[in-house]
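Enquirer: sequence and predicted structure below; questions after.
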Amino acid sequence: MSPKTMRIKLSDERRADLLAAVKHHLAKEHEIELSDFQAKGLLEFFLRQLGPSVYNQAIQDARAFMQEKLSDLEGEFYEPEDPRPR
């Protein structure tokens with residue numbers, strides 16, 4: 001995977017929602033009106049800067065969760081064996 005290729009892929013719908021959110025936030029909080037082009041550039045910047053860290057943290061959290069569940073697999077799912085017939 002090249003350094004410029006990100007694993008984070010947004011659907012067209014999600015990207016449009018995020019662009020609208022960026023524009024709305026800057027207009028409301030900072031009285032800055034962005035064009036669609038400017039908002040897209042800002043979103044791409046944040047995805048490149050923050051995306052890998054957030055993605056990697058999510059992977060680490062998921063791995064830790066799964067390792068915890070797997071380490072207690074026997075305790076979680078052990079079914080006692082009773083050799084006596086019923």
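Expert: On my side now, so go ahead.
Enquirer: for the helix or strand where E29 lies, which positions count as buried?
Expert: E29 belongs to helix 12-30 when assigned by DSSP states H and E. Across helix 12-30, burial judged by 16 or more other Cβ atoms under 10 Å covers L18, L19, V22, K23, L26. C-beta coordinates here come from the backbone N, C-alpha and C atoms, glycine included.
Enquirer: list the contacts of the fourth one.
Expert: Translated: K23. E33, L34, D36, A39 (Cβ atoms under 8 Å, 6 or more residues apart in numbering).
Enquirer: now list the buried members of those.
Expert: Buried, going by 16+ other Cβ under 10 Å: L34, A39, out of the contacts of K23.
Enquirer: among the contacts of K23, which ones are in helices?
Expert: D36, A39 (DSSP state H).
Enquirer: max pairwise distance over the contacts of K23: which two?
Expert: Using Cβ to Cβ, these reach their maximum pairwise distance at E33 and D36, which is 11.2 Å.
Enquirer: give me the low-pLDDT residue ranges for the chain?
Expert: Filtered on pLDDT under 70, the chain yields the residue ranges 1-6, 86.
Enquirer: can you rerun that using 90?
Expert: Applying pLDDT under 90 to the chain picks out residues 1-9, 68-86.
Enquirer: host element of the residue sitting nearest the centre point of it?
Expert: Central residue of the chain (Cα atoms, centre = their mean): Y55, 5.3 Å from the mean position. If you go by DSSP H and E, Y55 is part of helix 36-71.
Enquirer: what comes up buried for that helix?
Expert: Across helix 36-71, burial judged by 16+ other Cβ under 10 Å covers A39, L43, L47.
Enquirer: next, the angle from that helix to helix 12-30.
Expert: With axes from the mean of the first three to the mean of the last three Cα atoms, to 10 degrees applied, the angle from helix 36-71 to helix 12-30 works out at 110 degrees.
Enquirer: and the next helix or strand past helix 36-71?
Expert: Following helix 36-71 in sequence, per DSSP H and E, is helix 73-77.
Enquirer: kindly format the C-alpha coordinates of that following helix as PDB.
Expert: The C-alpha trace of helix 73-77 is given here as PDB (Å, rounded to 0.1, in the frame of the first residue of the first chain):
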ATOM      1  CA  LEU A  73     -13.000 -18.700  26.300                       C
ATOM      2  CA  GLU A  74     -13.100 -21.800  28.600                       C
ATOM      3  CA  GLY A  75     -14.400 -19.900  31.600                       C
ATOM      4  CA  GLU A  76     -17.000 -18.200  29.400                       C
ATOM      5  CA  PHE A  77     -18.300 -21.200  27.500                       C
END
